[in-house]
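Chemist: everything below, folded, please.
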Amino acid sequence: MSDSNNGNHEKELASQALALCDDFNKFSEQCAFLCDAFSAIVRDPACIDEACGDGLGHHSYWLKVRVMEFRDRIEELHHKLRD
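Modeler: Numbers count the residues shown, from 1 in each chain. Have a look, this model is predicted:
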């Protein structure tokens with residue numbers, strides 16, 4: 001690989017790594033908010049109605065999907081770094 005191509009490859013990897021870090025920081029903030037919300041809900045189980053239960057289920061699914069997306073992005077970046 002030429003120096004120019006290698007430099008472009010490194011810039012692309014650095015850009016992907018920075019985007020991943022930024023996205024993960026946002027995700028981390030969202031998770032912290034959800035943890036606080038879940039904690040508040042379980043302190044008063046009487047407030048868990050059908051809508052609340054649906055919301056908990058929706059956010060649980062969202063968390064699982066986001067974690068899988070981050071895992072895939074990290075794995076992809078890891079493979080690119082090894083090449």
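
Chemist: so H78 is in which element?
Modeler: Assigned by DSSP states H and E, H78 belongs to helix 50-82.

Chemist: in this protein, which helix or strand is least confident?
Modeler: Here the helix or strand of the chain ranked lowest by mean pLDDT, DSSP states H and E is helix 3-43, holding a mean of 90.

Chemist: let me know the angle separating it from helix 50-82.
Modeler: On the basis of axes from the mean of the first three to the mean of the last three Cα atoms, to 10 degrees, helix 3-43 is oriented at 160 degrees to helix 50-82.

Chemist: quick one: buried residues of the helix holding H78?
Modeler: 56, 73 (16 or more other Cβ atoms under 10 Å). From N, CA and C alone the C-beta is placed, and that goes for glycine too.

Chemist: repeat for stretch 20-34
Modeler: Buried, per 16+ other Cβ under 10 Å, within stretch 20-34: nothing.

Chemist: how far is the least confident helix or strand of the chain from where the chain is centred?
Modeler: When distances are taken as Cα atoms, centre = their mean, to the nearest Å, helix 3-43 is centred 6 Å away from the chain's centroid.

Chemist: and that helix, what does it pack onto?
Modeler: helix 50-82 (3 or more Cβ pairs under 8 Å, 6 or more residues apart in numbering; DSSP states H and E).

Chemist: now the helix it packs on: mean pLDDT?
Modeler: Summarised as a single mean, pLDDT over helix 50-82 is 93.
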